[in-house]
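In: just a sequence and a predicted model for now, questions to come.
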Amino acid sequence: MEKNILMKKVYLVLLLAILALSQSVLAATPAPTKIEQYDITAEKITDQVYVLSVAWSKTSFINSAIIVDDKGVLLITAQMSPVAPSLEAKIKELTGKPVTHVFNMATDTFHFHANQYFKDRGAQLIAHKALKYTQASTEILFDDNFSMKFGDEVLTARHTLAHNSAQTIVYLENSNVMLLGDAFRTNKLVYTGYHGVKGHLDGFKQAYDMANDKTLIVSGHKDLRLFSQREELKQAGETLSNFARLVGEKHRAGMSVADMTADPELLKAVAIYPIYRDKPELIKYNIIQLVELEFRPTYAINNKDLQAYEGQYKTSDGEFIKVSVSNGLLFVMQEGKFKFALSPLSPEKFDLKGRTDSSHMLFHFSPNGEVTGISPKMAKDSYYEKLISAEIHKKIQ
């Protein structure tokens, strides 16, 4: 009898120990990651082509497009990584097929952020060569022109000098759909990129010439509407050109950015965009960008002298950056990290063209005037301060 009671006590102690251990293991086990669901709408253009809009936030709707063939789907604009599972599920719902190709049309993060997600699932990545200077996962890189047949559709891409370094016009020939990313917005002026107003207007003209009166034009964001027409490109170009001209005149006359922000003539010049009627203060960003890109005095260096800066530069820990001349501009770049156009303020100091913070590059010279190194000076607490070493990069060739 006593033996049975003793055994029961031993069993009870063991059971309590097992329960305690189980609870500690459960407490130490992380909860499964919750996959956030995103609302996605789809517009069917043909049996092969859809345009998708992802509700990234309450006010931001990012556009993608898909082309369907017998074996899979080509996705244009990968979206942000958190969106990828919802986007993949929506594509499966519409087509029953996997994403086999991803096309990135610009260096805006939303175009490529989910690249790795789709690559891990077997998709092939296609983009302009400038994308290799971002943190995007890349595979097939093209130069100025690209074309491929996917199912019965033909995708044609043309690189432009508008908006950012990898900006391309994507035209789906058989469905007559054109995607422009954020080089075109229906509700506001766009950031022109370091090639300035002229580069952006050239991009508008390229798109206008490729399109026809029935082309469905899709911006990077679904703002006022999903589809636009060819004439809207012409109108957007004329608005940008006139606005830039007025900003230049007022800047040269000594008007401050604050005064220009409230200037009735400037607000009237962008009257096609309702956002500036509701929030006129938003125009300040465009004014600052234009003054920085178009009207700020620079130090004159001819193309031949710029070539003296070209070469490979290396830090003591083996980090390389490259400096080269293209389209009359000096560029500094590092694969997987960054590419900046430079604007000379002196032979030694170059601003990052188009940026409005204090970031700049300092070049170092030998006593006989040869370029010997470069020091990146990125704005404090900026994204690039952590990404780019401030150490002197010594010129090695």
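Out: Yep, that arrived.

In: so where's this structure uncertain?
Out: For the chain, the stretches with pLDDT under 70 are 1-35.

In: hmm, V177 and A65 touching each other?
Out: Yes: the pair A65 / V177 is scored as a contact, 6.8 Å apart, by C-beta atoms under 8 Å. (C-beta placed from N, C-alpha, C; glycine too.)

In: what touches both of the two?
Out: Shared contacts of A65 and V177 (C-beta atoms under 8 Å, 6 or more residues apart in numbering): V49, V51, V218.

In: quick one, which of the residues you listed are buried?
Out: Taking 16 or more other C-beta atoms under 10 Å as the criterion, what is buried in the shared contacts of A65 and V177 is V49, V51, V218.

In: part of a helix, is V325?
Out: No: counting by DSSP: H, G, I helix; E, B strand; the rest coil, one finds V325 to be strand, located in no helix.

In: what number of residues lie near the closest residue to it other than its chain neighbours?
Out: In space, and not counting its chain neighbours, V325 is closest to L306: 5.0 Å by C-beta to C-beta, 6 or more residues apart in numbering. With neighbours defined by other C-beta atoms under 10 Å, the count for L306 comes to 17.

In: one more: M255?
Out: Neighbours of M255 (other C-beta under 10 Å): 15.

In: now do the SS call for it.
Out: coil.

In: let me know the closest of the buried ones among the shared contacts of A65 and V177 to S389.
Out: Of all the buried ones among the shared contacts of A65 and V177, V218 has the smallest distance to S389: 39.4 Å, by C-beta to C-beta.

In: in which helix or strand would I find E93?
Out: helix 84-95 (DSSP states H and E).

In: which helices and strands does that helix pack with?
Out: strand 40-44, strand 49-55, strand 61-68, strand 73-76, helix 115-120 (3 or more C-beta pairs under 8 Å, 6 or more residues apart in numbering; DSSP states H and E).

In: again, 6 Å this time
Out: Using 3 or more C-beta pairs under 6 Å, 6 or more residues apart in numbering; DSSP states H and E as the contact test, no helix or strand touches helix 84-95.

In: got the buried residues for it?
Out: Neighbour-count burial for helix 84-95 [16+ other C-beta under 10 Å]: A84, S86, L87, E88, K90, I91, L94, T95.

In: swap in stretch 231-244?
Out: E232, L233, A236, G237, T239, L240, S241, F243, A244.

In: over to stretch 97-110?
Out: Result for stretch 97-110 [16+ other C-beta under 10 Å]: buried residues V99, T100, H101, V102, F103, N104, M105, A106, T107, D108, F110.

In: what of stretch 144-151?
Out: For stretch 144-151, by 16+ other C-beta under 10 Å, it's F146, M148, F150, G151.

In: one more: stretch 159-173?
Out: Within stretch 159-173, the residues scored as buried using 16+ other C-beta under 10 Å are 159-172.

In: contacting residues around G354?
Out: Y194, L293 (C-beta atoms under 6 Å, 6 or more residues apart in numbering).

In: partner residues bridging T168?
Out: H159 (DSSP bridges).

In: I'd assumed H159 was in contact with it.
Out: Yes: taking C-beta atoms under 6 Å as the definition, T168 is a contact partner of H159 at 5.2 Å.

In: now the common contact residues for these two.
Out: H128.

In: ok, A65 and V177, which is more surrounded?
Out: Using other C-beta under 10 Å as the criterion, A65 and V177 rank with V177 on top: 26 against 23.

In: bridged to that one, which residues?
Out: Beta-bridge partners of V177, as defined by DSSP bridges: L172, L216.

In: what about the closest residue to P98 other than its chain neighbours, distance to G151?
Out: Of all residues not flanking P98 in the chain, G72 sits nearest, at 5.3 Å (C-beta to C-beta, 6+ apart). Distance, G72 to G151, using C-beta to C-beta, to the nearest Å: 9 Å.

In: quick one: residues contacting the residue nearest the centre of the chain.
Out: Nearest to the mean C-alpha position of the chain, by C-alpha atoms, centre = their mean, lies D108 at 0.7 Å. Listed by C-beta under 6 Å, 6+ apart, the contact partners of D108 are D182.

In: rerun that using 7 Å as the cut-off
Out: N164, G181, D182, G220 (C-beta atoms under 7 Å, 6 or more residues apart in numbering).

In: outline the domain layout of the chain.
Out: 40-228, 242-295, 303-395 (automatic domain parsing).

In: and the end-to-end length of the last one?
Out: This points to domain 303-395. In terms of C-alpha to C-alpha, to the nearest Å, the two terminal residues of domain 303-395 are separated by 19 Å.

In: I'd like the numbering to begin with 757 instead of 1 from here.
Out: Sure, I'll start numbering at 757, so the last one becomes domain 1059-1151.

In: where exactly do the strands run in the stretch 957-1106 of the chain?
Out: All strands of the stretch 957-1106 of the chain, identified by DSSP state E, counting those that start in this stretch, fall at 972-975, 1067-1070, 1076-1082, 1085-1090, 1094-1100, 1105-1108.

In: out of those strands, which is the most enclosed?
Out: Greatest average neighbour count among the strands of the stretch 957-1106 of the chain goes to strand 972-975 (a mean of 24), per mean count of other C-beta atoms under 10 Å.

In: ok now that one, how far from the chain's centre?
Out: A distance of 18 Å separates the centroid of the chain from that of strand 972-975, by C-alpha atoms, centre = their mean, to the nearest Å.

In: before we move on, what about stretch 813-831?
Out: 16 Å.

In: could you dump it to PDB, C-alpha only?
Out: The C-alpha coordinates for stretch 813-831 follow below in PDB (Å, rounded to 0.1, in the frame of the first residue of the first chain):
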ATOM      1  CA  SER A 813      -1.600  52.100 -47.800                       C
ATOM      2  CA  LYS A 814      -4.800  54.100 -47.500                       C
ATOM      3  CA  THR A 815      -3.500  56.700 -49.900                       C
ATOM      4  CA  SER A 816      -0.900  54.800 -52.000                       C
ATOM      5  CA  PHE A 817      -2.000  52.300 -54.700                       C
ATOM      6  CA  ILE A 818       1.000  50.800 -56.600                       C
ATOM      7  CA  ASN A 819       0.400  49.400 -60.100                       C
ATOM      8  CA  SER A 820       1.800  46.300 -61.600                       C
ATOM      9  CA  ALA A 821       1.000  44.400 -64.800                       C
ATOM     10  CA  ILE A 822       1.100  40.700 -65.800                       C
ATOM     11  CA  ILE A 823       1.400  38.800 -69.000                       C
ATOM     12  CA  VAL A 824       0.200  35.200 -69.100                       C
ATOM     13  CA  ASP A 825       1.500  32.400 -71.300                       C
ATOM     14  CA  ASP A 826       1.000  28.600 -71.300                       C
ATOM     15  CA  LYS A 827       3.500  27.900 -68.600                       C
ATOM     16  CA  GLY A 828       3.700  31.000 -66.400                       C
ATOM     17  CA  VAL A 829       3.400  34.700 -65.700                       C
ATOM     18  CA  LEU A 830       5.600  37.700 -66.400                       C
ATOM     19  CA  LEU A 831       5.200  40.300 -63.700                       C
END
